[in-house]
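Visitor: Sharing a model that was predicted from the sequence below.
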Amino acid sequence: MNVLVFDIETIPDVELGKRYYGLPDLDDADVARIMHFKQKQTRQSDFLPLPMHRVVAISAVLKTPSDVHIFSLGAEREPEEEILRRFFDGLERTTPELVSWNGCGFDLPVLHYRCMKHGIAASRYWELGDNDPSFRFNNYVNRFHWRHLDLMDVLSGYQNAGRTSLELAAQLCGFPGKLGMSGAKVWECWQRGDVAAICNYCETDVLNTYLLYLRFQRVRGLYDRARYEAEVGQLESKLEQSGKPHLLEFLEAWRASRGGL
């Protein structure tokens with residue numbers, strides 16, 4: 001089976017903010033500030049409600065039986081609708097196992113709301129066994145089915161108290177973690193037109209998640225040591241051959257911090 005490890009990056013949906021809060025004449029930066037301020041007044045946190053997150057990038061590691069690919073949707077500043085359509089069209093064609101870090105709590109619900117906004121059809125994703133019986137007891141939507149494997153959810157034992165950040169889990173296992181960028185800086189990068197920095201950051205997040213996925217496959221006994229080392233070596237070679245500065249930086253950091261197993 002193909003495996004698709006994915007992560008999304010978002011910015012405030014300022015057009016929705018203008019409508020929802022009645023701010024038609026303010027510029028985007030002011031609207032975003034007001035959106036965060038109003039949310040903090042209500043919830044003691046300025047983290048916006050999920051429908052107010054606009055998707056600007058989806059990055060992925062696609063593992064096929066013979067190769068591994070690292071790519072991003074949104075690198076050419078495509079409209080959100082096109083990013084969503086391409087993501088779900090790919091899922092429709094390949095039916096991969098989805099892997100995420102906090103995908104159940106953030107990434108997928110955001111994608112649900114944004115697909116509702118744009119009317120994006122994703123019949124394979126929403127299949128529950130009505131048309132394909134194999135999805136009845138293993139689908140993308142049910143929390144406890146592993147056609148979508150949310151590593152944070154599973155490793156925490158589905159308990160809020162057990163959850164941790166991707167950064168901490170990656171560093172625990174000797175993986176690079178963040179490389180100077182964070183989700184808090186995505187809006188700033190977007191405002192200055194630096195979409196490449198957003199995609200590069202998102203790709204390093206999915207690389208950390210993919211490495212955690214490989215380690216989890218080893219821990220749960222699906223990969224023996226030889227298979228695990230082969231998968232890790234394949235990724236290392238792919239990064240080395242990429243010629244892309246952010247991937248080579250990740251590789252260098254990984255080699256410097258690599259944990260043994």
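Guide: Great, that's in hand. Numbering: from 1, shown residues only.

Visitor: Who's the closest spatial neighbour of residue 63, skipping the chain neighbours?
Guide: Nearest residue to residue 63, sequence neighbours excluded (C-beta to C-beta, 6 or more residues apart in numbering): residue 3, at 4.2 Å. Quick note: C-beta positions are derived from backbone N, CA and C, even for glycine.

Visitor: Could you do residue 40 as well?
Guide: residue 46 (4.2 Å).

Visitor: burial of the one you found, as a residue count?
Guide: Residues near residue 46, counting by other C-beta atoms under 10 Å, number 14.

Visitor: That one reaches residue 33, doesn't it?
Guide: No - Residue 46 is not in contact with residue 33 according to C-beta atoms under 8 Å; the separation is 9.5 Å.

Visitor: Could I get the full set of strands for this protein?
Guide: Using DSSP state E, the strands found in the chain span residues 3-12, 53-63, 68-73, 97-100, 148-150.

Visitor: can you list these in TSV and add distance to residue 80?
Guide: TSV is the format used below for the strands of the chain (distance: least, C-beta to C-beta, whole Å):
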stretch	distance to residue 80
strand 3-12	10
strand 53-63	5
strand 68-73	10
strand 97-100	19
strand 148-150	21
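
Visitor: coming back round to it: verify the stated contact: the residue nearest to residue 63 with residue 60.
Guide: No - counting by C-beta under 8 Å, residue 3 does not reach residue 60; the two are 9.9 Å apart.

Visitor: Neighbour count: these two, which is higher?
Guide: Neighbour comparison, residue 3 and residue 60: the larger count goes to residue 60, with 26 against 20 (by other C-beta under 10 Å).

Visitor: which residues does the more buried one bridge with?
Guide: As for beta bridges, residue 60 partners with residue 6, residue 71 under DSSP bridges.

Visitor: which residues touch it?
Guide: For residue 60, the contact set (C-beta atoms under 8 Å, 6 or more residues apart in numbering) comprises 4, 5, 6, 7, 69, 70, 71, 72, 73, 206.

Visitor: Closest one to residue 14 out of these, please.
Guide: The shortest separation between residue 14 and any of these is 21.1 Å, and it belongs to residue 73 (by C-beta to C-beta).

Visitor: So what's the residue count around the closest one?
Guide: Neighbour count of residue 73, defined by other C-beta under 10 Å: 23.

Visitor: Residue 45 too?
Guide: Residues contacting residue 45 under the criterion other C-beta under 10 Å number 9.

Visitor: ok, now which ones touch it?
Guide: Contacts of residue 45 (C-beta under 8 Å, 6+ apart): residue 39.

Visitor: Next, it: phi, psi?
Guide: When quoted as degrees, to the nearest 10, the phi and psi of residue 45 stand at phi -150, psi 140.

Visitor: next one: residue 180
Guide: Here is the backbone geometry of residue 180 (degrees, to the nearest 10): phi 90, psi -10.

Visitor: give me the number of residues near residue 193?
Guide: Taking other C-beta under 10 Å as the neighbour definition, residue 193 ends up with a count of 9.

Visitor: er, residue 28 I mean
Guide: Per other C-beta under 10 Å, the neighbour tally for residue 28 reads 16.

Visitor: That one contacts residue 14, doesn't it?
Guide: Yes - Residue 28 is in contact with residue 14 according to C-beta under 8 Å; the separation is 4.5 Å.

Visitor: got the buried residues for the helix ranked longest in the chain?
Guide: In the chain, taking DSSP state H as the definition, the longest helix is helix 195-219. Of the residues in helix 195-219, 195, 197-218 count as buried by neighbour count, 16 or more other C-beta atoms under 10 Å.

Visitor: Please apply the same query to stretch 230-248.
Guide: Buried positions in stretch 230-248, judged by neighbour count with 16+ other C-beta under 10 Å: 231, 232, 235, 238, 239, 246, 247.
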